[in-house]
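Engineer: Provided below for reference: sequence and predicted model.
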Amino acid sequence: MLAEVLDYLKPEKGDRYLDLTAGYGGHATAILQATAGTATLVDRDENAVHELKRLFPKAALKHQDFLSASQTLAEAGEQFDIILADLGVSSPHLNEADRGFAINQDGPLDMRMDNRQELTADTIVNTYSDAELADILWRYGEEPKARQIARLIVGNRPLHSTKTLAAVASRAWPGKSRVHPATRTFQALRIAVNDELNLLERSLPLWVQLLAPGGRIVVISFHSLEDVIVKRFFGELAGDRYDATLKLLTKRPVNASTHELVSNPRARSAKLRAAAKINI
Ligand SMILES: C[S@@+](CC[C@H](N)C(=O)[O-])C[C@H]1O[C@@H](n2cnc3c(N)ncnc32)[C@H](O)[C@@H]1O
């Protein structure tokens with residue numbers, strides 16, 4: 001959603017730019033072309049940070065999750081004119097089987113964005129109780145058959161590969177379906193392994209604090225659980241109230257254009273929300 005990101009962030013020469021999920025630098029390349037200013041680039045994935053170092057030797061790089069990076073920046077009193085958070089996994093996460101995210105490729109049950117972290121999908125799948133698994137599948141995957149899949153997982157342990165997990169979870173959904181029947185199971189485990197919703201919820205207030213008056217923020221989410229958090233948070237700080245700190249730039253979430261969907265079908269679930277900090 002590069003065109004939309006540029007449209008809402010309106011990067012200008014000299015702008016201070018914070019990218020909380022810089023990935024492989026697609027957005028950063030375009031934004032830095034316009035700002036020719038300073039950039040702070042964050043990503044919790046080692047391979048992404050390696051690539052970012054190569055692409056942007058002058059940027060301040062942080063190999064951290066965005067909550068701890070934002071806390072450090074806020075404590076240091078930093079301010080930014082544009083902030084971007086393009087949430088979720090990157091294409092290499094999904095394309096490299098050994099990262100354990102891909103449902104259609106065989107790999108270890110890993111799913112960590114940051115490989116320094118201890119918790120993996122394998123630990124959750126093989127050691128969590130039936131009830132804990134069902135809770136994760138229900139809350140993070142919105143899986144209607146959460147209990148049944150949790151029981152299937154527990155009854156078929158040990159499970160150490162994405163292929164076996166996908167096969168076991170699929171038994172709850174016999175017959176044909178449009179999407180892979182284990183999609184919600186994989187989403188739930190990924191969110192749990194990377195603590196995605198908790199980090200987002202706790203980071204949003206810091207991002208507003210880090211935004212300079214008049215500054216713009218864009219958050220792109222890839223599933224409704226994330227989007228609801230962003231929508232609620234922006235809504236609380238904006239609106240028709242004397243002490244509003246944000247002005248909404250998007251009343252509804254913006255979707256990827258049909259033009260983009262042709263070359264990047266993964267963008268079909270992307271939802272972009274943007275806001276500006278009110279000058280106070
Ligand atoms: C959709 S990709 C971003 C792509 C990037 N905008 C680009 O143009 O190349 C999401 C990136 O965010 C990173 N990420 C996800 N959650 C994170 C978090 N809580 N803290 C830091 N990085 C995170 C992932 O490792 C991944 O590289």
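Structural biologist: That came through fine.

Engineer: distance of Met111 from the ligand?
Structural biologist: According to CB to the nearest ligand atom, to the nearest Å, Met111 stands 12 Å off from the ligand. Any C-beta I mention is one placed from the backbone N, CA and C, and that applies to glycine too.

Engineer: my guess is that residue contacts Gly100, does it?
Structural biologist: Yes. With contact defined as CB atoms under 8 Å, Met111 reaches Gly100; the gap is 4.9 Å.

Engineer: shared neighbours, those two?
Structural biologist: Thr120, Ala121 (CB atoms under 8 Å, 6 or more residues apart in numbering).

Engineer: and the ligand, is the longest strand belonging to the chain touching that?
Structural biologist: As assigned by DSSP state E, the longest strand anywhere in the chain is strand 211-221. No. Judged by CB under 6 Å from any ligand atom, strand 211-221 makes no contact with the ligand; its nearest approach is 7.5 Å.

Engineer: what's around Lys231, how many residues?
Structural biologist: Residues near Lys231, counting by other CB atoms under 10 Å, number 19.

Engineer: name the element it belongs to?
Structural biologist: Following DSSP states H and E, the helix or strand that holds Lys231 is helix 224-237.

Engineer: next one: Val49
Structural biologist: Per DSSP H and E: helix 46-55 holds Val49.

Engineer: quick check: next helix or strand after that helix?
Structural biologist: Downstream of helix 46-55, the first helix or strand assigned by DSSP H and E is strand 60-62.

Engineer: what about Ser68, helix or strand, and which?
Structural biologist: Here Ser68 is covered by helix 66-75, with elements defined by DSSP H and E.

Engineer: again with Ser203
Structural biologist: helix 196-210.

Engineer: so is that helix next to the ligand?
Structural biologist: Yes. Among the residues of helix 196-210, Leu199 lie within reach of the ligand under CB under 6 Å from any ligand atom.

Engineer: spatially nearest residue to Ala60 (excluding sequence neighbours)?
Structural biologist: Thr40 (4.5 Å; CB to CB, 6 or more residues apart in numbering).

Engineer: equivalent analysis for Arg190, please.
Structural biologist: Nearest non-adjacent residue to Arg190, counting by CB to CB, 6+ apart: Met111, 5.0 Å away.

Engineer: phi, psi for that neighbour please.
Structural biologist: Main-chain torsions, Met111, degrees, to the nearest 10: phi 70, psi 20.

Engineer: kindly report the residues of the stretch 101-250 of the chain close to the ligand.
Structural biologist: Taking CB under 6 Å from any ligand atom, the part of the stretch 101-250 of the chain that reaches the ligand is made up of Met113, Leu199.

Engineer: with that, I have no additional questions.
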